[in-house]
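Peer 1: One predicted model, sequence on top.
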Amino acid sequence: MNPLQPAIDRYTELVGDSPTGVWAGPGRVNLIGEHTDYNDGFVMPFALQHAALVAAGVRDDDQVVVDSLDLSETHTVALDDLTPFDAPDAPERRWSDYLLGCVWALREAGHAVGGVTLVLSSDVPVGAGLSSSAAIECAVVGALCDLFDLDISPMDRAKLARVAENAYVGAPTGLLDQAASTLCTLGHTLFLDCRSLETRQIPIDLAAAGLEILVLDTKTPHSHVDGEYAERRATCERAAAILGVPALRDVDDLGSALRVLAAEADNDRLVKRVRHVVTENDRVLEAIEVADSGDLTKLAPLLDASHASMRDDFEITVPTVDLAVETVRDAGALGARMTGGGFGGCIIALCREGEGEGIGQRVAAAFAEAGFGAPVWFTATPAEGARRLA
Ligand code: ADP
Ligand code: MG
C-alpha cells in the first residue's frame with residue numbers, strides 16, 4: 001500500500017475533502033559530535049528513512065485541527081487560543097503541542113498562517129533519541145510554508161521548528177535535530193558548525209564502500225537525564241569561563257587548558273569534560289577528512305574513540321549501551337558508539353553491508369543473557385531531509 005494513504009484517508013474522513021498535499025520530516029542519527037552543540041562546536045547528523053508524514057490542508061475557519069493516526073487522537077484549538085508552555089494557565093503539554101507549536105511559532109514570527117488541518121502519521125521511533133519530535137515539527141513547518149505561500153529558507157525553517165519545541169512545548173533543545181531533519185540530503189551527512197550555522201553536505205556513499213550503519217535502540221529507560229544534562233552543560237560553561245574563552249569550541253591548546261583546570265578544586269571532573277568536548281570536535285573534523293578521502297572504513301576508529309570519550313570522560317553511557325557497543329564490535333562491526341544525549345537511547349555501528357542484521361541479533365542475545373530488555377534495530381543509510389511528497 002502507498003505509505004501516504006492512511007494519512008490521506010484520515011484527512012479525508014475528518015475534512016470531507018482530500019488534503020492539499022503530504023509533507024515529510026525525517027528522524028536523524030548523529031554520526032559523530034556529541035555534546036558539542038552547546039559548546040558552539042561541530043555535529044554531523046544524517047537523516048533516516050523513518051519519517052513523520054503530515055497530510056495537510058487549509059481550513060476556512062480559524063481552527064487548528066491536529067490528528068495523530070498513531071495515537072488515534074484529534075485535538076482542535078482556535079488560533080487565538082494557542083498557548084506556549086510558560087503562559088499563565090497554560091494547559092499541560094501533550095503530543096499535539098509539537099504541531100500546534102509550529103503554527104504558533106510561525107505566527108509569532110509574523111507569518112500569515114491561518115486555520116489548518118494536520119494529520120500526522122510517523123514511523124520514527126519515539127523517545128529513542130532519533131528525534132521523532134523534530135521530524136514532526138519539520139514536516140509541519142514544510143506544510144505550513146507551502147500551504148500559506150511563505151518564502152522561508154531551510155535554515156530559518158529549522159530555527160522556527162526549534163522555537164516550537166523550545167518556546168511552545170518547553171523542551172530546551174539545541175538546533176541539531178531540526179537542522180538535521182530540514183537540511184540533510186540523500187547520501188550525505190550534514191556538517192553543522194553550531195556557532196556560525198555554516199553547513200556542508202558531506203557525501204558518504206556507504207553502499208559503494210560495501211558498508212552500512214546499524215542503528216540499535218537499547219530501549220533503556222532514561223532516568224535523571226535532565227539533571228545530568230544540566231550538570232554537563234553547567235560544567236562546560238564554567239570550564240570555558242575559567243579558561244577565558246567564549247565556549248569550549250575556542251580551546252586551541254588542549255594540553256595547556258587541562259593544566260589550567262588541574263588547579264581547580266573539582267579538577268578531575270573539569271579535565272574530563274573538557275577533554276571530551278575538545279577531542280570530539282576534532283573527531284568531527286577528522287570525519288570530514290575521512291569522508292573526503294573516500295575510505296569510509298576509517299570512520300570506525302573515530303566512532304570507537306568517541307564512545308570511549310563519552311564513557312570515560314563525559315560519563316554519559318550506561319551498562320546497556322556499553323554492552324551493546326562491546327557486543328557489536330565482537331560480532332564484527334568495524335566501529336561503534338553511543339549516539340544521542342546519553343543515559344540510554346541508541347548506538348550506531350559501522351558494519352560491512354549485509355552484516356548489520358546479524359550483529360543486531362548478537363546484541364539481543366547478549367542482552368537476554370545479561371537480563372536486559374530486548375533491543376530493537378535497523379540498518380540505515382543517509383536519507384532525504386524534509387520535503388513535500390504529494
Ligand atoms: P525524541 O524526539 O527523541 O523521539 P522527544 O521526547 O523529544 O523524543 O519527543 C517525543 C514526543 O513526540 C512524544 O512523547 C510525543 O509527544 C511526540 N510524538 C512523536 N511521535 C508521535 C506520533 N506519531 N504521534 C503523536 N505524537 C508523537
Ligand atoms: Mg526530540
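Peer 2: That came through fine. What you are looking at is a predicted structure, and each value in this text was computed from that prediction instead of being measured. Ligands and ions are numbered 1, 2, ... in the order given.
Peer 1: Tell me who's in contact with Asp123.
Peer 2: 50-51 (C-beta atoms under 8 Å, 6 or more residues apart in numbering). The C-beta positions use only the backbone N, C-alpha and C, and glycine is treated the same way.
Peer 1: quick one: it from Val321, how far?
Peer 2: Computed as C-beta to C-beta, to the nearest Å, the Asp123 to Val321 distance reads 23 Å.
Peer 1: Please, where are all the strands along the stretch 151-300 of the chain?
Peer 2: 188-193, 199-203, 211-217 (DSSP state E, counting those that start in this stretch).
Peer 1: Could you work out which of those strands reaches nearest to ligand 2?
Peer 2: Evaluated with C-beta to the ion, the strands of the stretch 151-300 of the chain place strand 211-217 nearest to ligand 2, the distance being 14.0 Å.
Peer 1: What strands flank that closest one, and is each parallel or antiparallel?
Peer 2: strand 346-352 (antiparallel), strand 376-380 (antiparallel) (DSSP bridges).
Peer 1: Reformat those as JSON lines; add distance to Ala241, mean pLDDT and mean neighbour count.
Peer 2: Converted to JSON lines, the strands paired with strand 211-217 look like this (distance: least, C-beta to C-beta, whole Å; pLDDT from 0 to 100; neighbours: other C-beta atoms under 10 Å):
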{"stretch": "strand 346-352", "distance to Ala241": "33", "mean pLDDT": "98", "mean neighbour count": "26"}
{"stretch": "strand 376-380", "distance to Ala241": "39", "mean pLDDT": "97", "mean neighbour count": "19"}
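Peer 1: Now distance to Ala305 too, for these, in a markdown table please.
Peer 2: Listed next are these as a markdown table, based on distance: least, C-beta to C-beta, whole Å:
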| stretch | distance to Ala305 |
| --- | --- |
| strand 346-352 | 13 |
| strand 376-380 | 21 |
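Peer 1: okay if I get those strands as JSON lines plus distance to ligand 1?
Peer 2: Formatted as JSON lines, the strands paired with strand 211-217 follow (distance: least, C-beta to the nearest ligand atom, whole Å):
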{"stretch": "strand 346-352", "distance to ligand 1": "9"}
{"stretch": "strand 376-380", "distance to ligand 1": "14"}
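Peer 1: what bridges to Asp67?
Peer 2: Thr74, Val119.
Peer 1: Quick one: neighbours of Ile288, just the number.
Peer 2: Ile288: 16 surrounding residues under other C-beta atoms under 10 Å.
Peer 1: picking up where we left off before, which stretch among the strands paired with strand 211-217 comes nearest ligand 2?
Peer 2: strand 346-352 (12.7 Å).
Peer 1: other SSEs contacting the next helix or strand after the closest one?
Peer 2: On the C-terminal side of strand 346-352, the closest following helix or strand by DSSP states H and E is helix 356-370. Judged by 3 or more C-beta pairs under 8 Å, 6 or more residues apart in numbering; DSSP states H and E, helix 356-370 is in contact with strand 211-217, helix 319-330, strand 346-352, strand 376-380.
Peer 1: Of the ones you listed, which is nearest Pro19?
Peer 2: Pro19 lies closest to strand 376-380 among the helices and strands packed on helix 356-370, at 28.3 Å (C-beta to C-beta).
Peer 1: could you check the angle helix 319-330 makes with the closest one?
Peer 2: Strand 376-380 and helix 319-330 are oriented at 50 degrees to each other (axes from the mean of the first three to the mean of the last three C-alpha atoms, to 10 degrees).
Peer 1: What lies in contact with strand 376-380?
Peer 2: Contacts for strand 376-380 (C-beta under 8 Å, 6+ apart): 29, 46, 48-49, 125, 212-217, 219, 351, 356-357, 360, 363.
Peer 1: the inter-axis angle of it versus helix 356-370?
Peer 2: Going by the same axes, to 10 degrees, strand 376-380 makes 160 degrees with helix 356-370.
Peer 1: what's the spacing between strand 376-380 and its chain's center?
Peer 2: Relative to its parent chain, strand 376-380 has a centroid offset of 16 Å by C-alpha atoms, centre = their mean, to the nearest Å.
Peer 1: Throw the helices and strands packed on helix 356-370 into CSV and include distance to Pro246, thanks.
Peer 2: Converted to CSV, these look like this (distance: least, C-beta to C-beta, whole Å):
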stretch, distance to Pro246
strand 211-217, 34
helix 319-330, 32
strand 346-352, 31
strand 376-380, 35
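Peer 1: No further questions, thank you.
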